[in-house]
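> Sharing a model prediction with you, sequence too.
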Amino acid sequence: MTASATKAAALNLDLLRTVPFRPSPNTVLVDPLRPLETPSEEFGTLRTNLAQLKAERNIRTVLITSPSGGEGKSFAAANLALAEAQLANNPTLVCDFDLRRSSLHRIFQLDRSPGLTDYLLGRAELPEVIQKVGAGSLFVMTAGAPVVSPLELLHLDETRRLIEILSSRFRTVILDSPPLGSASDANLLATLADGALLVTRLGATRVDAMGLAIQSLGQNNVLGIIANGGPRP
Ligand SMILES: Nc1ncnc2c1ncn2[C@@H]1O[C@H](COP(=O)(O)OP(=O)(O)OP(=O)(O)O)[C@@H](O)[C@H]1O
Ligand SMILES: [Mg+2]
């Protein structure tokens with residue numbers, strides 16, 4: 001058995017630490033009790049569209065990125081993960097691969113560390129960096145302690161192996177990431193994920209920036225575009 005396979009086998013989702021679902025009051029999140037309200041309905045539709053793509057191809061890991069900052073990547077990653085986790089037999093993990101402006105820990109009001117970077121640097125084991133949030137099947141991996149060179153860390157073989165392990169243990173893995181325009185983190189992550197969803201902020205994202213973003217992802221599977229019309233902060 002390879003080291004990755006051993007780690008995957010050791011990751012028992014039932015034994016992971018469970019924390020309450022108590023998101024930040026500053027964030028608008030899917031509410032399972034109000035399926036017809038914003039943004040539950042929109043993310044339900046996105047989940048259905050994604051399910052069609054999943055049925056056609058083997059898609060487990062989905063990168064969320066966008067051309068520029070503040071377009072709603074983390075908002076979309078958290079909400080899509082919540083919508084996915086509502087389905088039966090669909091354990092869903094959302095990971096904060098934005099090591100520059102990490103925010104999943106704030107959205108879910110969790111500790112940032114231990115998280116992804118701590119695992120990649122060998123300072124924490126996998127079960128220590130994944131938390132089950134609430135009573136359903138949503139799991140969150142926060143970004144971990146800040147690092148000086150995020151891109152270097154993402155280039156490690158360990159990152160690729162981690163994504164393989166995660167996709168063998170979860171039905172859906174959503175990766176939040178930095179914008180394409182500011183660093184190459186998301187371009188690299190797109191080569192490791194099964195596909196990417198691009199977020200655009202209606203009325204803010206420029207068409208030429210979107211064109212460049214798609215071009216920069218090149219062959220790497222753009223699954224679709226999320227048109228985010230929400231208010232800016
Ligand atoms: N559709 C929406 N409805 C309400 N609030 C939204 C919506 N989209 C984004 N926001 C809010 O706008 C702010 C910026 O969104 P978010 O942090 O998701 O952007 P981002 O693309 O991840 O930014 P960054 O590039 O800094 O990582 C957040 O406060 C978020 O809660
Ligand atoms: Mg973000």
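Thanks, I have it. Residues are numbered from 1 along each chain as shown. Ligands and ions are numbered 1, 2, ... in the order given.

> Name the residues of the longest helix along the chain that come out as buried.
Using DSSP state H to define each element, the chain has its longest helix at helix 40-56. By 16 or more other C-beta atoms under 10 Å, the buried positions in helix 40-56 come out as 40, 42-43, 46-47, 50, 53-54. In this view, the C-beta of every residue, glycine as well, is placed from N, C-alpha and C.

> now the helices: where do they sit in this protein?
3-10, 40-56, 73-85, 104-107, 116-120, 126-129, 150-155, 157-169, 185-192, 207-217.

> What residues are bridge-paired with the residue most central in space within the chain?
Closest to where the C-alpha atoms of the chain average out (C-alpha atoms, centre = their mean) is Leu175, at 2.5 Å. Beta-bridge pairing for Leu175 (DSSP bridges): Leu63, Cys95.

> Tell me the spacing between it and Asp14.
24 Å (C-beta to C-beta, to the nearest Å).

> ok, and what's touching the worst-scoring helix or strand of the chain on mean pLDDT?
The helix or strand of the chain with the poorest confidence is helix 3-10; it has a mean of 82 (mean pLDDT, DSSP states H and E). For helix 3-10, contacts defined as C-beta atoms under 8 Å, 6 or more residues apart in numbering pick out 1, 126-127, 161, 164-165, 168-169.

> again, 10 Å this time
Helix 3-10 has contacts (C-beta atoms under 10 Å, 6 or more residues apart in numbering) with 1-2, 119, 125-127, 157-158, 160-162, 164-169.

> Could you give me the PyMOL syntax to select whichever of these are buried?
Selecting only the buried entries of the contacts of helix 3-10 in PyMOL, with 16+ other C-beta under 10 Å as the criterion:
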select buried, resi 119+126+127+158+161+162+164+165+166+167+169
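
> Leu120 - how many residues pack around it?
When neighbours are counted by other C-beta atoms under 10 Å, Leu120 registers 20.

> Just give the nearest non-adjacent residue to Gly72, would you?
Distances taken as C-beta to C-beta, 6 or more residues apart in numbering place Asn228 nearest to Gly72, at 3.9 Å, with adjacent residues excluded.
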